[in-house]
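K.L.:
have a look at this fold, sequence not included:
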């Protein structure tokens, strides 16, 4: 008795389709058999779905007739290679459908007695996941690089800004040098703002809220936003004259505005307009009942609208998902709106989108309004504060120029200043002089010992030690999260003499 040879079933198109196709049709992988005559002998359901056709329209049909253009691709080359050499071949190929949609498939060509067995697997999601991981790692690396550059740049700006102040004190306003040095200071201030914007694009920042006027933020950003979107798009403004204020991180709000404007720009490939809007609003109980996570009360509304392509319901439902994007893989990361969402939530706000295909898009963000500020508790600019009698400060800073500049500011304010160039040196000085030192001011990121470790050691020596940290970093990876969570005050670089002396006085009062 001879055993049955399965290959005999591949002799004709009819017998080929007597294969156990019911079992094969349960597979998610596409399975086809292509005969030596380059015609389809067998097709399962998944393969037909992959090709957006039917099994009946493929079986018996030449491959190149069913899918014209394959002869110009590696797919055809590897099929021929497998057919002739009888060696397994593998490759990935992006297939474009007639409606423009693209999907990635992994193909494996296996030689069989009467042709080639081709297994196809839809790997579109896998490719997207790989791309998201690549982008995420790229952004992480970019964030580390940008953070390091910003730290050094902020150290430099601290020196430039304060040395210009030192020089201006000794010059009469009528002197030409006074005007030149003033311009240097203004340029350094713009550089500091640019550094914050660069960090906003690439890093998650620790919240440093201030009382913010959104009208002022939008007005200051308008020129930069116009350059960002190009000349074929007009920026319109509709700003409330009596706008209230909110407690927000200025650099993070700049990031929110930039991301929303960039999103609107991408929805206007043929040009159009973007409208920036602010208003005081009172969200009542009825509104809160219809919008989860919203509490009734007074809010400041920030709106960004465009007359672009708009979105349908399926896209609106996912726009805040990390890595979700309607753009090509090389044109968007899908992180812009998810970052906006995160910042808004961190700021105790809420964000809502209104859009229809062809009708444009409106984003509305609601931030709690600070009523106490509106009732007269305005925050004034910091002024230089002089030391009280015989107050001693231990200054810990590894950058010589920043150390000398900071020391001069403190000494001119009347403080007695001791110097340490790193954390270990600071610990030795503090052990010997803990009863004489009223405040320790330290950089966060230093060689040999980081700021958080220094704080722990000093607290073990004296639980009542007063600390003030300085940092040119604004990202969580620099160790700021633990410091801010512990309640230790932090002043960001670059700082002015007024900023520093005000922060010192607040730290000494704590």
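P.N.:
Yep, it's here. All of these numbers come straight from a predicted model, not from anything done at the bench.
K.L.:
who does the helix or strand hosting residue 185 touch, helix- and strand-wise?
P.N.:
Secondary structure from DSSP states H and E places residue 185 in helix 176-202. In terms of contacts (3 or more CB pairs under 8 Å, 6 or more residues apart in numbering; DSSP states H and E), helix 176-202 is packed against helix 124-169, helix 250-266. Glycine gets a C-beta too; all of them are placed from N, C-alpha and C.
K.L.:
distance from the chain centre to the longest one, please.
P.N.:
Right, helix 124-169. Put simply, helix 124-169 sits 12 Å off its chain's centre (CA atoms, centre = their mean, to the nearest Å).
K.L.:
what of the shortest one?
P.N.:
Mean-position distance between helix 250-266 and its chain equals 11 Å (CA atoms, centre = their mean).
K.L.:
just checking, what packs against that helix?
P.N.:
Helix 250-266 packs on helix 176-202, strand 210-212, helix 214-229, strand 272-283, strand 297-306, helix 336-346, strand 361-368, going by 3+ CB pairs under 8 Å, 6+ apart.
K.L.:
so which of those is nearest residue 245?
P.N.:
Residue 245 lies closest, by CB to CB, to one member of those: strand 210-212, at 5.1 Å.
K.L.:
contact partners for the residue nearest to residue 160 when sequence neighbours are not counted?
P.N.:
Excluding the flanking residues, the one nearest residue 160 by CB to CB, 6 or more residues apart in numbering is residue 188, at 4.4 Å. By CB atoms under 8 Å, 6 or more residues apart in numbering, the contact set of residue 188 is 157, 160-161, 164, 494.
K.L.:
and if you look at residue 433?
P.N.:
392, 394, 418.
K.L.:
which parts of whichever helix or strand the second one is part of are buried?
P.N.:
Which is residue 394. For residue 394, the element it lies in under DSSP H and E is strand 392-396. Judged by neighbour count (16 or more other CB atoms under 10 Å), strand 392-396 contains these buried residues: 393-396.
K.L.:
okay, the residues you listed in a markdown table with pLDDT and distance to residue 510 next?
P.N.:
Below are these laid out as a markdown table (pLDDT from 0 to 100; distance: CB to CB, whole Å):
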| residue | pLDDT | distance to residue 510 |
| --- | --- | --- |
| 393 | 96 | 14 |
| 394 | 97 | 16 |
| 395 | 97 | 18 |
| 396 | 96 | 18 |
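K.L.:
and this structure, what are its domains?
P.N.:
Domain assignment for the chain by automatic domain parsing gives 11-122, 209-379, 392-509.
K.L.:
pick the most buried one from these.
P.N.:
Among these, the stretch with the highest mean neighbour count (mean count of other CB atoms under 10 Å) is domain 392-509, at a mean of 18.
K.L.:
so which of the contacts of residue 433 would you say is closest to residue 252?
P.N.:
residue 394 (32.2 Å).
K.L.:
in a markdown table: the contacts of residue 188, plus distance to residue 141.
P.N.:
Formatted as a markdown table, these follow (distance: CB to CB, whole Å):
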| residue | distance to residue 141 |
| --- | --- |
| 157 | 24 |
| 160 | 29 |
| 161 | 30 |
| 164 | 35 |
| 494 | 25 |
